[in-house]
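> Curious how this folds, go ahead:
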Amino acid sequence: MGTKSMEASVIKESEFNRFGLISMILLVVGCVGGIAVGLGAIKYTGTLILCVVPTMTTLSLLLAVAPMKWIWRSAFLSMAIDFILIIYFLFIEK
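You can find the predicted model right below:
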């Protein structure tokens, strides 16, 4: 089995378990975005935009009941940006 079939089976399972996953994604993406903003992204317009736009895109896709493939990609991008900002504001900027 290649990675393509693995991705397809994960997406298929995600579509089946959509409503349970939506609640978890909503909680995780919202909380991680809030932590990033609270740690310092609110101080600068650029970092605030960098944090808020992907987070709100993910939450909008959840609300619109978009395909799970779009939701997963948006959630991973949002959390990656948020974690980078969290690390930056915790360890680099004092």
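> pull the helix or strand with minimum mean pLDDT from the protein.
Using mean pLDDT, DSSP states H and E, helix 3-16 stands out as the lowest-scoring helix or strand of the chain, at a mean of 79.
> Which other helices and strands does that one contact?
Secondary-structure packing of helix 3-16 (3 or more Cβ pairs under 8 Å, 6 or more residues apart in numbering; DSSP states H and E): helix 68-87. For every residue, glycine as well, the C-beta is placed using N, CA and C.
> And the helix it packs on, what's buried?
68, 71-72, 74-75, 78-79, 81-82, 85-86 (16 or more other Cβ atoms under 10 Å).
> looking only at pLDDT, what's the mean for it?
For helix 68-87, mean pLDDT is 94.
> Go ahead and name everything in contact with that helix.
11, 14-15, 18, 21-22, 25, 28-29, 32-33, 35-36, 39-41, 47, 50-51, 54-55, 57-58, 61-62 (Cβ atoms under 8 Å, 6 or more residues apart in numbering).
> switch the cut-off to 6 Å
11, 14-15, 25, 29, 32-33, 36, 39, 41, 51, 54-55, 57-58, 61 (Cβ atoms under 6 Å, 6 or more residues apart in numbering).
> Give me the buried subset of the residues you listed.
14, 25, 29, 32-33, 36, 39, 41, 51, 54-55, 57-58, 61.
> Find the residue at the geometric middle of the protein.
Nearest residue to the geometric centre of the chain (Cα atoms, centre = their mean): Ala75, 2.7 Å.
> Tell me the helix or strand right after the least confident helix or strand of the chain.
Using DSSP states H and E, the helix or strand that follows helix 3-16 towards the C-terminus is helix 18-39.
> orientation of that following helix relative to helix 3-16 in degrees?
Helix 18-39 runs at 100 degrees relative to helix 3-16, counting by axes from the mean of the first three to the mean of the last three Cα atoms, to 10 degrees.
> Could you report the separation of Trp70 from Ile92?
Here Trp70 is placed at a distance of 32 Å from Ile92 (Cβ to Cβ, to the nearest Å).
> before we move on, back to that, how distant is the least confident helix or strand of the chain from the center of its chain?
19 Å (Cα atoms, centre = their mean, to the nearest Å).
> Check stretch 56-71 too.
With Cα atoms, centre = their mean, you get 10 Å for stretch 56-71.
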